[in-house]
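Visitor: dropping a prediction and its sequence here:
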Number of protein chains: 2
Amino acid sequence: MNEFDFIRRYLQRQQPDDNLILGIGDDAAVIRPALGFDLCFSSDMLLKNRHFFADVSPEDLAWKVLAVNISDMAAMGAKPRWALLSAGLPELSEDWLNRFCGSLFALADRFGVTLIGGDTTKGDLVFNVTIIGELPQGKALRRDAAQAGDDIWVSGRIGLAAAALNCRLQNCTLPTALYQQCEAELLRPEPRVALGQAVLPFAHAAQDISDGLAQDIGHILKASDVGAELWADELPSLPELKTVLTEEQWLAYTLAGGDDYELVFTAPVGAREAVAAAAECSGTAVTRIGTINDTGRLQIIGSDGKEIKLTALGFDHFG
Amino acid sequence: MNEFDFIRRYLQRQQPDDNLILGIGDDAAVIRPALGFDLCFSSDMLLKNRHFFADVSPEDLAWKVLAVNISDMAAMGAKPRWALLSAGLPELSEDWLNRFCGSLFALADRFGVTLIGGDTTKGDLVFNVTIIGELPQGKALRRDAAQAGDDIWVSGRIGLAAAALNCRLQNCTLPTALYQQCEAELLRPEPRVALGQAVLPFAHAAQDISDGLAQDIGHILKASDVGAELWADELPSLPELKTVLTEEQWLAYTLAGGDDYELVFTAPVGAREAVAAAAECSGTAVTRIGTINDTGRLQIIGSDGKEIKLTALGFDHFG
């Protein structure tokens, strides 16, 4: 099976799409943008032994490759529409490809994403997805729009993916059932597209948590030229994790773990009911974890009311 | 220097662009499409030891990574506008990064391409570019638009890149000066953007030559449900190459070598003067190398008037 057979058999599918003039199979795909909409673009590259373990199942791998990109669209409040997939693939069995593509298209279909192009080449496992989303003109949830006084909200639960990763790396120990629960978050993060679109009308700044909550909020603070106070006790987690891990571990995984792909966003205090309604209608739990201020720095407050110094936890990048 | 420093120092540049609402530095870039235009999308992934040698200079590497993508826009008749670059990079010196980025942006600037996003990660050298171009609505040069009776045209000279590659792989021997001339084509292919746009009003089908002329014309024939006759004696090459290589080598490199990134396009016989004018105004030589017919197959005619069987040259993919 050569590259062209592979594309024809696994990737080329006909789907109704008014804006797609020309899909896979030419030098480039052609999109006719809808009037009144901006387009968003993001790329993520995933490398073996860096973003996934070599023994990952093809289903989980396909999910993650696409989900982390869809998550970037969620963070803009955009509707994901199209994707280009580049893949370096060693000799793979048809079984492997069937399972990979089955999982990829199941996720793509769930979010209304059409594969419009890409590239396949022989090589070690490496993937790059470029995703394209649609937004009402001028409405993007940007990082530079947080305002002093805003609440800070986060979706879902954070730190679970990092706990699973660190357990696998033997940096901590988790009971089997708890590990499996955390591993599910690591392998199959759930892009918060519905929430991103639901908060679009009133949220100020947003981003998804890929590098760890503290670092990712840091991007918002820097871009918006504001500061923030985060309440460690309010960070949404699994209660069992807090009992099994040391406090340092729990803080490290929750604040700096990354790979959560939850949304962190800021919204004015007056929008609390609207946030609750957006959470309800999108079926996504949200937690208020702090406030934006004008201090220009990120302070994390512990249960004793004192500031937790991230540098004491081994992080250099926050000040 | 971490990923964010790298992005800030090397990749984030301010350029005037009416359609770019938000560039590098958020979860996604935001483009406001111009009225009356379609957008084209293409991705190419380049892996070390597959698409480039490990000892390639950073300047040549950056050129190729971007040029092969710009070439896809040329093949659609589109104007390249924006690009996303994902890169897996080992620990690299600032000197290496300066040279890579200097060459990348020099080429991007020459073609009016703005870098709007991407991803950097630590890993072995691997690159993926997604390029986005603009086209007047409905005007794309597609592969499925060739018509029986069309002339077949090719830009520049073909087979040089394959000759250089095969010389390096010790499959053939070239005098030093000739090798260097061919190597320049391999390392720094010239995207034919001006030609693609110039032939847009009258050309039927087009594509760029990445996998070899015969295979790439085969895509047009299959998509358009037509056949073609190619005249081997008319294929544009370097006269010295024909004298140094065996006939089999010359035919193999010219017909199946790939990496040429020249344009092959079809146009009605009545457009010959228009083709000549487009070649003149874009400063790109073009050569008429055959005709489209309704035979449904690709025939390559040698200097003796007899058909050259590609299978006899070791190619399985053509019929």
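Guide: Cool, the structure landed.

Visitor: now the spatially most central residue of chain A, nearest residue through space, not along the chain?
Guide: Centroid-nearest residue in chain A, with Cα atoms, centre = their mean: residue A:261, separated by 2.9 Å. Of all residues not flanking residue A:261 in the chain, residue A:189 sits nearest, at 3.7 Å (Cβ to Cβ, 6 or more residues apart in numbering or on different chains). C-beta here means a position set from N, CA and C on the backbone, and glycine is covered the same way.

Visitor: residues in contact with that neighbour?
Guide: Residue A:189 is in contact with A:64, A:67, A:68, A:71, A:161, A:259, A:260, A:261, counting by Cβ atoms under 8 Å, 6 or more residues apart in numbering or on different chains.

Visitor: inside helices: which ones of the residues you listed?
Guide: By the criterion of DSSP state H, membership of these in helices covers A:64, A:67, A:68, A:71, A:161.

Visitor: near chain B, which residues of the stretch 101-250 of chain A?
Guide: Residues of the stretch 101-250 of chain A found near chain B (Cβ under 8 Å from any Cβ of the partner chain) are A:116-119, A:121-124, A:126, A:128, A:130-133, A:135, A:137-138, A:140, A:142-144, A:206-208, A:223.

Visitor: buried subset of those as a PyMOL selection?
Guide: Selecting only the buried entries of those in PyMOL, with 16 or more other Cβ atoms under 10 Å in any protein chain shown as the criterion:
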select buried, chain A and resi 116+117+118+119+121+123+124+126+128+130+131+132+133+135+140+142+143+144+206+207+208+223
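
Visitor: looking at the residues of the stretch 101-250 of chain A next to chain B, which are in strands?
Guide: Cross-referencing these against strands under DSSP state E gives A:116-119, A:121-122, A:126, A:128, A:130-133, A:135, A:206-208.

Visitor: how about those, which pair is most distant?
Guide: Spatial extent of those (Cβ to Cβ) is set by the pair A:122 and A:206 at 38.8 Å.

Visitor: name the nearest residue to the closest residue to chain B within the stretch 151-300 of chain A, sequence neighbours excluded.
Guide: Nearest to chain B in the stretch 151-300 of chain A, going by Cβ to the nearest Cβ, is residue A:207, at a distance of 5.4 Å. Among residues not flanking residue A:207 along the chain, residue A:75 sits closest, at 4.9 Å (Cβ to Cβ, 6+ apart).

Visitor: list the contacts for that neighbour?
Guide: Each residue near residue A:75 by Cβ under 8 Å, 6+ apart is listed here: A:141, A:196, A:206, A:207, A:208, A:263, B:27, B:28.

Visitor: looking at the residues you listed, which is nearest residue A:43?
Guide: Set against residue A:43, the nearest of the contacts of residue A:75 by Cβ to Cβ is residue B:28 (9.2 Å).

Visitor: I'd say the closest one and residue A:71 touch.
Guide: No: assessed by Cβ atoms under 8 Å, residue B:28 is found out of contact with residue A:71, at 10.3 Å.

Visitor: quick check: closest non-adjacent residue to residue A:278.
Guide: Counting by Cβ to Cβ, 6+ apart, residue A:278 lies nearest to residue A:198, which is 3.6 Å off, once chain neighbours are set aside.

Visitor: ok, now residue A:57?
Guide: In space, residue A:57 is closest to residue A:99, 7.3 Å off (Cβ to Cβ, 6+ apart).

Visitor: how many residues are close by that neighbour?
Guide: 18 (other Cβ atoms under 10 Å in any protein chain shown).
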